[in-house]
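**Q** coordinates only, no sequence provided:
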Ligand code: ADP
Ligand code: MG
C-alpha cells in the first residue's frame, strides 16, 4: 500500500514543487511506483513533469469535485517515469465548490483510497496557503515533508507551521506524522544558513534530513525543459541531491519496518 506524503509549507518559493517533482522522479528511478498529485492551481508540478497544464482533459478538480473515474484522470505518460494527476487554474473552482460539500475535508483522502494499493508512494504538491486544498492534503496524507530555506525567520515560520499541522491533524487526521524537514536552496558558504541549519537540527533532531538540496541553477532550468532535473542534467548537484534524498527516505523506512 502506498505511503501518502504531502509536501507542504505555507510559505511560497521554498522548493515544494521542485522537491515534489524531483523526489517523485528519483523514487520512480528506483523502480517504485509513484503518483504525483498536483494540488496547486499554479500547476507548476504539472508543467515540470512535462505535461501541459492547459492541455489536460482532467485535473485534480475532477478528482475532488466530479468524482470522474480515476483511470481517466491519471496521466501515465510523464517525463519523470511517474504517474500524475494534473493541476491547473480549475483547482481554484474546486476549492470553492468543496466548501458546500458534505465531508469536504476528506474528498482527497476518499478519492486516493481507491488507488492506494497501486502505488508505493503518492506525493501531494500543496499550494502555498492553508486553505481547504491543503486541509485535504493533510487529511489524506500519512506524513508531511516540509521543505525550507535556511534563512532568518525560517525557524519562527517553521514552528508556526508545525503548530498548525498539529492543530489540523487533531481535527482531520490524528495519525499524521512529520516525515522530515528538508533544507532546500542551501548555500554552505552562507554563514547564516549554517547557523539556522544547526538550530534546526537542535530543535528537530532526526526529523531533519541529512540530505541537503543545494542551490543549483539546473533545478530552476529543468521545468522550462519540461522534465525533472535528472533527465535534464543527470550529473548536476541538484539531480544527485534528490536521488540521495530518495535513498535516505528508503533507508529510513526500512529501519522503521525492521524496528
Ligand atoms: P514552491 O513550490 O515552494 O513555491 P518552487 O519549487 O516553485 O517553490 O521554487 C521556487 C523557485 O526557486 C522556482 O523558480 C524554482 O525553480 C527555484 N528553485 C527551487 N529549488 C531550487 C534550488 N535548489 N536551486 C535553485 N533554484 C531552486
Ligand atoms: Mg509550488
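**A** That came in fine, so what should we check first? Here the structure is a predicted model, which is why all the values come from computation and not from measurement. Ligands and ions are numbered 1, 2, ... in the order given.

**Q** number of nearby residues for the residue in the stretch 101-250 of the chain that ligand 1 sits nearest to?
**A** Residue nearest to ligand 1 within the stretch 101-250 of the chain (CB to the nearest ligand atom): residue 220, separated by 3.5 Å. In this view, the C-beta of every residue, glycine as well, is placed from N, C-alpha and C. Residue 220 has 13 neighbours, counted by other CB atoms under 10 Å.

**Q** with adjacent residues omitted, what lies nearest to it?
**A** Leaving aside its sequence neighbours, residue 220 sits nearest to residue 18 (CB to CB, 6 or more residues apart in numbering; 7.9 Å).

**Q** could you give the mean pLDDT of the helix or strand hosting that neighbour?
**A** Assigned by DSSP states H and E, residue 18 belongs to helix 16-29. For helix 16-29, mean pLDDT rounds to 98.

**Q** quickly check: it near ligand 1 or not.
**A** Yes. Applying CB under 6 Å from any ligand atom, one finds helix 16-29 in contact with ligand 1 at 16, 17, 18.

**Q** after that helix, which helix or strand is next?
**A** Toward the C-terminus, helix 16-29 is succeeded by strand 34-38 as the next helix or strand (DSSP H and E).

**Q** list the buried ones in the helix holding residue 18?
**A** Buried residues in helix 16-29, counted by 16 or more other CB atoms under 10 Å: 16-29.

**Q** how about stretch 177-191?
**A** Within stretch 177-191, the residues scored as buried using 16+ other CB under 10 Å are 178, 179, 180, 181, 182, 183, 184, 185, 186.

**Q** in the chain, what helix or strand scores lowest on average pLDDT?
**A** Least confident element among the helices and strands of the chain, by mean pLDDT, DSSP states H and E: helix 154-172 (a mean of 89).

**Q** could you pull out the strands for the stretch 51-200 of the chain?
**A** Per DSSP state E, counting those that start in this stretch, the stretch 51-200 of the chain carries strands over the ranges 83-85, 121-125, 143-149, 177-186.

**Q** can you say which of the ones you listed is nearest to residue 45?
**A** Ranking those by proximity to residue 45 (CB to CB) places strand 121-125 first, at 4.2 Å.

**Q** quick one, the closest one and strand 143-149 angle?
**A** Strand 121-125 runs at 50 degrees relative to strand 143-149, counting by axes from the mean of the first three to the mean of the last three CA atoms, to 10 degrees.

**Q** touching ligand 1 at all, strand 121-125?
**A** No. Counting by CB under 6 Å from any ligand atom, no contacts exist between strand 121-125 and ligand 1, the nearest distance being 7.0 Å.

**Q** which strands and helices sit next to that strand?
**A** When contacts are defined as 3 or more CB pairs under 8 Å, 6 or more residues apart in numbering; DSSP states H and E, strand 121-125 packs onto strand 3-7, helix 16-29, strand 34-38.

**Q** quick one: stretch 152-164 to chain centroid distance?
**A** 18 Å (CA atoms, centre = their mean, to the nearest Å).

**Q** pull out the buried positions in it.
**A** 154, 155, 157, 158, 161, 162.

**Q** enumerate the residues of the stretch 1-150 of the chain near ligand 2.
**A** The stretch 1-150 of the chain comes close to ligand 2 at residues 16, 17, as judged by CB under 5 Å from the ion.

**Q** ok, the residue of the stretch 1-150 of the chain found nearest ligand 2 - contacts?
**A** Nearest residue of the stretch 1-150 of the chain to ligand 2, counting by CB to the ion: residue 17, 3.3 Å away. Residue 17 is in contact with 40, 42, 44, 45, 48, 125, counting by CB atoms under 8 Å, 6 or more residues apart in numbering.
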